[in-house]
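1. whatever this is, show me its structure:
(chains A and B)
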Protein chains: 2
Amino acid sequence: MDLVTANSLSYEDFVETFGNVVEKCPMVAAAVWSDRPFVSVTELDDAIGRFIDALPESGKEGILRCHPDLAGRDLQGGRLTRESQEEQAGAGMDRLDATEVSRMSQLNQEYKRRFGFPFVICARMNDKATILLRLTERLKNEPHEERALGIQEVKKICRLRLHSLLPADTLNKL
Amino acid sequence: MDLVTANSLSYEDFVETFGNVVEKCPMVAAAVWSDRPFVSVTELDDAIGRFIDALPESGKEGILRCHPDLAGRDLQGGRLTRESQEEQAGAGMDRLDATEVSRMSQLNQEYKRRFGFPFVICARMNDKATILLRLTERLKNEPHEERALGIQEVKKICRLRLHSLLPADTLNKL
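-> So this is what the prediction gives:
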């Protein structure tokens, strides 16, 4: 799709197309539809970022809680969204050996127990080794730091998903 | 389920259970999970209401835009959520004759063109006749009135869905 087409969509088709740029939160795309027309992917991306920033803290935690664990039960059970499936597979999360699955599971549980939301990281910008490293490091952070870092990662994921959906408008702009 | 069990759920299971009390907006249930334990269904319902009220106006419009048309393309195409399917069927929306389908479609289109979000009404509190009547009447409202009325209906739908999910805690309290 290109941005001219995206700007011309009904809210229904817009949400159908962009509804999962923030994982399982179609409300976000549905909200920023009001801001059309967007003159660039960056402007659309910025509108989403501003919307997320304007949410109460509980809403930001709500967004984080809509994300699946990395190498978690949704991956094992084939219940990931198409986007998450591709991103986790790209980072090798679907090819961990038993020891690595067990290690990820243990760290994910520890993280969720400590923070009350899942560890979120942009899988397309990381690989198995850096994901494990960052998860281990970030476990030591304070809750407010992790909420902020998690939301930063949500925005990175969103940006890459937008660029995948609007490839022509992304050319030479990354 | 009962409220004691609901209060004991992980956020994952809580969102799995209550994620669609606001149509296609699991972020809402995910956000209020932080407010556990709830001493009554009303308290859970109030927490959701407060969360929605605290959203920016674009977020409220976003919630409305996550709702399907009544007797619309998602019903015809079998793509409604389970809850919406039951509610629309209960109000007879799946048994309209061709003339009624055409009339609803025309009014829905007019409403969406005027307001930029769909006509939302609690189908379980209405029947075919009152839905058509209210849709015709509400078309005359101002946008800010309709946004507020639509959100009131979202809350009624949410309340009834919560009561369906927590039947024992609802007894004698409606």
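2. mean confidence for the one helix or strand A:H144 maps to?
-> Following DSSP states H and E, the helix or strand that holds A:H144 is helix A:143-165. The average pLDDT for helix A:143-165 rounds to 97.
3. contacts for that helix, please.
-> Outside helix A:143-165, the residues that touch it by CB atoms under 8 Å, 6 or more residues apart in numbering or on different chains are A:1, A:17-18, A:20-23, A:41, A:44-45, A:48-49, A:52, A:57, A:60-61, A:63-64, A:67, A:83, A:87, A:114-117, A:119-125, A:138, A:141, A:170, A:174. Bear in mind the C-beta positions are built from the backbone N, C-alpha and C, glycine included.
4. of all the residues in chain A, which ones are close to chain B?
-> For chain A, the residues in contact with chain B (CB under 8 Å from any CB of the partner chain) are A:10-12, A:15, A:24-35, A:51, A:54-56, A:58-59, A:61-63, A:65-66, A:112, A:116-117.
5. ok so, going back, what comes up buried for the helix holding A:H144?
-> A:146-147, A:149-151, A:153-155, A:157-163, A:165 (16 or more other CB atoms under 10 Å in any protein chain shown).
6. gap between the lowest-mean-pLDDT helix or strand in chain A and the chain center?
-> Lowest on mean pLDDT, DSSP states H and E among the helices and strands of chain A sits helix A:167-170, with a mean of 81. Offset of helix A:167-170 from its chain centre (CA atoms, centre = their mean, to the nearest Å): 20 Å.
7. ok, now stretch A:29-49?
-> Centroid separation for stretch A:29-49 versus its chain: 17 Å, with CA atoms, centre = their mean.
8. tell me how many other residues surround the closest residue to A:G92 other than its chain neighbours.
-> In space, and not counting its chain neighbours, A:G92 is closest to A:K128: 4.5 Å by CB to CB, 6 or more residues apart in numbering or on different chains. By the measure other CB atoms under 10 Å in any protein chain shown, the count of residues near A:K128 is 17.
9. pLDDT wise, what is A:K128 at?
-> Reported pLDDT for A:K128: 94.
10. that one touches A:E100, doesn't it?
-> Yes. Using CB atoms under 8 Å, A:K128 is in contact with A:E100, at 7.3 Å.
11. let me see the contact set for A:A71.
-> A:88, A:93-94, A:96, A:100-101, A:104-105, A:108.
12. with A:C66 instead?
-> A:22-25, B:15, B:26-27, B:30.
13. in helices only, show me the contacts of A:A71.
-> Judged by DSSP state H, the contacts of A:A71 include A:88, A:100-101, A:104-105, A:108 as members of helices.
14. which one of the residues you listed is nearest to chain B?
-> Nearest to chain B out of the ones in helices among the contacts of A:A71 is A:N108 (CB to the nearest CB; 11.0 Å).
15. on the three-state scheme, the residue lying closest to the closest one once chain neighbours are set aside is what?
-> Using CB to CB, 6+ apart and skipping the chain neighbours, the partner closest in space to A:N108 is A:D69 (4.7 Å). When classified by DSSP: H, G, I helix; E, B strand; the rest coil, A:D69 comes out as coil.
16. sorry, back to before: quick one: buried ones out of the residues of chain A next to chain B?
-> A:11-12, A:15, A:24-33, A:51, A:55, A:58-59, A:61-63, A:65-66, A:112, A:116-117.
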